[in-house]
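A.B. asks: What follows is a predicted protein model with its sequence.
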Amino acid sequence: MPDKSESTADAESGRGRWPVREAAAALVAAHRLLGREFGALADEEQRTVTSSKDRAATLRRKKHLLRDVSRHLAGAVSGAAVLVGLQELGADGQYPEDADGKPRTELTNLEAQDSDAYSWPMESLAKAIDALRQVYVPTVKNPDLAHPEDRQAMAEVVAHLRTAHDVLATVMDEDEDETACLNGMLAELESTCAPLPVPQVDLVDLSDEDVIARVLADPRLAARTGRALRQQRQTPVGGAAS
């Protein structure tokens, strides 16, 4: 019968590993929410393709990059799931033991914390974060598209990525430069995807200058305003072709 103190120690040791479950759950949630942004991009592309082929191409590029984010996140989820399983089983580089309890190093040991199994989810997460940052890099012709179509969903995605990174960074001995780089990209994404403040006044109560300022402050609103003005110019007076 196992010693009670040993069982307690095992439980205490295991309790420190459970946060990896939080990282795995955050990665799953982030992966799920990507569908909202992809759908919004597809809808915007459909509305844009007839009026601006260049803007439609930029939107297609963003969709392609979002597919990369999804692929890397899927890998991170699989890696985190393996990590959860290994840690809950208490696998940490142990070798098979002989009758005297000595490790038999001639045989294969279990995964240890310095193995590829432990670095896999963080590497995949880093690739996902970098790919997501590239989705919103401004283009020369369409800099106003360097923002999410669904800000609420993407703000949640970035929050989940932050949670997963912070948890995984405590599990593995991540390089300080790599940590600083990923934290910088996450901070950039947090700024890019932050929800816009809800105006507290009706536009009818604003001056022309205030309306223009609000439009210019929201790149998506500016893009849609510009598109509406272009369409208005292209529509003959009275709505009928001459």
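C.D. replies: Arrived safely.

A.B. asks: By mean pLDDT, flag the weakest helix or strand of this structure.
C.D. replies: Ranked by mean pLDDT, DSSP states H and E, the weakest helix or strand in the chain is helix 4-15, scoring a mean of 39.

A.B. asks: low-scoring pLDDT stretches of the protein, where are they?
C.D. replies: For the chain, residues meeting the criterion pLDDT under 70 lie at 1-18, 173, 197-206, 214-242.

A.B. asks: Packing partners of the lengthiest helix in the chain?
C.D. replies: As assigned by DSSP state H, the longest helix anywhere in the chain is helix 53-88. Judged by 3 or more CB pairs under 8 Å, 6 or more residues apart in numbering; DSSP states H and E, helix 53-88 is in contact with helix 19-48, helix 116-135, helix 151-171. Glycine gets a C-beta too; all of them are placed from N, C-alpha and C.

A.B. asks: How far away from the center of its chain is it?
C.D. replies: Its chain's average C-alpha position is 8 Å from that of helix 53-88, according to CA atoms, centre = their mean, to the nearest Å.

A.B. asks: Would you indicate which residues of that helix are buried?
C.D. replies: 55-59, 61-63, 65-66, 68-70, 72-73, 75-77, 79-84, 86-87 (16 or more other CB atoms under 10 Å).

A.B. asks: how close does Thr48 get to Pro103?
C.D. replies: 63 Å (CB to CB, to the nearest Å).

A.B. asks: who has more neighbours, those two?
C.D. replies: Neighbours were counted for Thr48 and for Pro103 using other CB atoms under 10 Å; Thr48 has more, 20 against 13.
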